[in-house]
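Trainee: Just to be clear, the model below is a prediction. Sequence and coordinates:
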Amino acid sequence: MPACPMILSERLALYIQLTRLHRPIGILLLLWPTLWGLWIAGEGEPSCLIVAIFALGTVLMRSAGCAVNDYADRHIDKHVQRTKDRPLTSGKVSERETLWLAVVLTLLAFALILPLNPLTWLLAFPAAFLAASYPFTKRFFAIPQAYLGIAFGFGIPMAFAAQTGDVPAVAWVLLLANIFWAVAYDTEYAMVDRDDDIHLGIHSSALFFGKHDVAAVMGCYAITLGLLALAGQMTGLGWAYHAGLLAAAGIALYHYTLIKNRNRERCFAAFLHNNWFGAAVFAGLVSDYLLH
């Protein structure tokens, strides 16, 4: 009898590894832009129910995306030191099990939005398609990180749809800002795997930008901040919001000191530190609405 709980607990531990719940950076990078959208759409007072739905939905969809990613890369990960021991690659979890887990998590995420309006339901379908198809884009897109930015940012138009029943122009400006931010932080991540990607023949922004990778990352940060400033102008946000953008700019400059020599460990540290970039923008946004 004691064996069953042990088996279940071991299975759960494998699922946690498969969905990267033990590494929440992906959840945070997906959550911050969604929260930007929710707060602007709700003019600083978004529905608590909608915030809870989107927060939990972020966790579920990111987890499903990780499972699909491991399925898509199952023949690649075995050749990479960093990924060869993942549950699917090592054979501890089957391919069918991985796909079923992704399907169940996606269905749970869909169930969450049932209390919301039809426009939100409609936008959920392209959101799910983007999340499921992104892992395959590195085989044929020169800059798959841009596709990731769309996938990770699609919570923004969904947030406006859920909160207001509409998707105004500012939502698309925020989505565009998130695309450039994703290219910035995921290029930092790609700089870690550059040698493996060359060997395996898959695409990444680090390979596309080549020797200009550091300049490209900093340029993407600058465009991100410019678009976020434009979104602030479109919605009448004040000095506190722009102070948050200034703090985010300081964080981006700190990242330059980490990535300028292309050291793997420091590039990965810069990638992880993007949580604070997203948090700085959100803190400025919340502060501005509270002051008004």
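Mentor: Yep, it's here. Numbers count the residues shown, from 1 in each chain.

Trainee: and the helix or strand where residue 65 lies, which residues are buried?
Mentor: In this structure, residue 65 sits in helix 48-72 according to DSSP states H and E. Across helix 48-72, burial judged by 16 or more other Cβ atoms under 10 Å covers 50-51, 53-54, 57-72. From N, CA and C alone the C-beta is placed, and that goes for glycine too.

Trainee: just stretch 153-168 next, same as before
Mentor: 153-164, 167.

Trainee: pLDDT below threshold where in the chain?
Mentor: Where the chain drops to pLDDT under 70, the residues are 1-6, 77, 79-81, 83.

Trainee: Which parts of it are strands?
Mentor: Applying DSSP state E to the chain gives no strands.

Trainee: State which helix of it is the longest.
Mentor: If you go by DSSP state H, the chain has its longest helix at helix 264-291.

Trainee: so what secondary structure elements neighbour that one?
Mentor: Contact partners of helix 264-291 among helices and strands, from 3 or more Cβ pairs under 8 Å, 6 or more residues apart in numbering; DSSP states H and E: helix 25-41, helix 169-192, helix 239-259.

Trainee: ok, residue 266 touching residue 254?
Mentor: No - using Cβ atoms under 8 Å, residue 266 makes no contact with residue 254, being 11.0 Å away.

Trainee: Please identify which of those two sits among more neighbours.
Mentor: Neighbours per residue (other Cβ atoms under 10 Å) separate residue 266 from residue 254, with residue 266 holding more: 18 against 13.

Trainee: Would you check how far apart the more buried one and residue 31 are?
Mentor: 25 Å (Cβ to Cβ, to the nearest Å).

Trainee: JSON lines for the helices and strands packed on helix 264-291, including distance to residue 18?
Mentor: Listed next are the helices and strands packed on helix 264-291 as JSON lines, based on distance: least, Cβ to Cβ, whole Å:
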{"stretch": "helix 25-41", "distance to residue 18": "13"}
{"stretch": "helix 169-192", "distance to residue 18": "19"}
{"stretch": "helix 239-259", "distance to residue 18": "29"}
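
Trainee: Tell me which of the ones you listed sits nearest to residue 136.
Mentor: Among these, helix 169-192 comes nearest to residue 136, with 15.7 Å by Cβ to Cβ.

Trainee: What is the distance between that closest one and the centre of its chain?
Mentor: Relative to the centre of its chain, helix 169-192 is centred 9 Å away, using Cα atoms, centre = their mean, to the nearest Å.

Trainee: Do a quick rundown of the helices in the stretch 101-250 of the chain.
Mentor: Listed in chain order, the helices of the stretch 101-250 of the chain (DSSP state H, counting those that start in this stretch) span 118-137, 144-153, 155-164, 169-192, 194-200, 205-209, 213-235, 239-259.

Trainee: want to throw these into JSON lines with distance to residue 279?
Mentor: Formatted as JSON lines, those follow (distance: least, Cβ to Cβ, whole Å):
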{"stretch": "helix 118-137", "distance to residue 279": "23"}
{"stretch": "helix 144-153", "distance to residue 279": "16"}
{"stretch": "helix 155-164", "distance to residue 279": "16"}
{"stretch": "helix 169-192", "distance to residue 279": "13"}
{"stretch": "helix 194-200", "distance to residue 279": "28"}
{"stretch": "helix 205-209", "distance to residue 279": "23"}
{"stretch": "helix 213-235", "distance to residue 279": "14"}
{"stretch": "helix 239-259", "distance to residue 279": "9"}
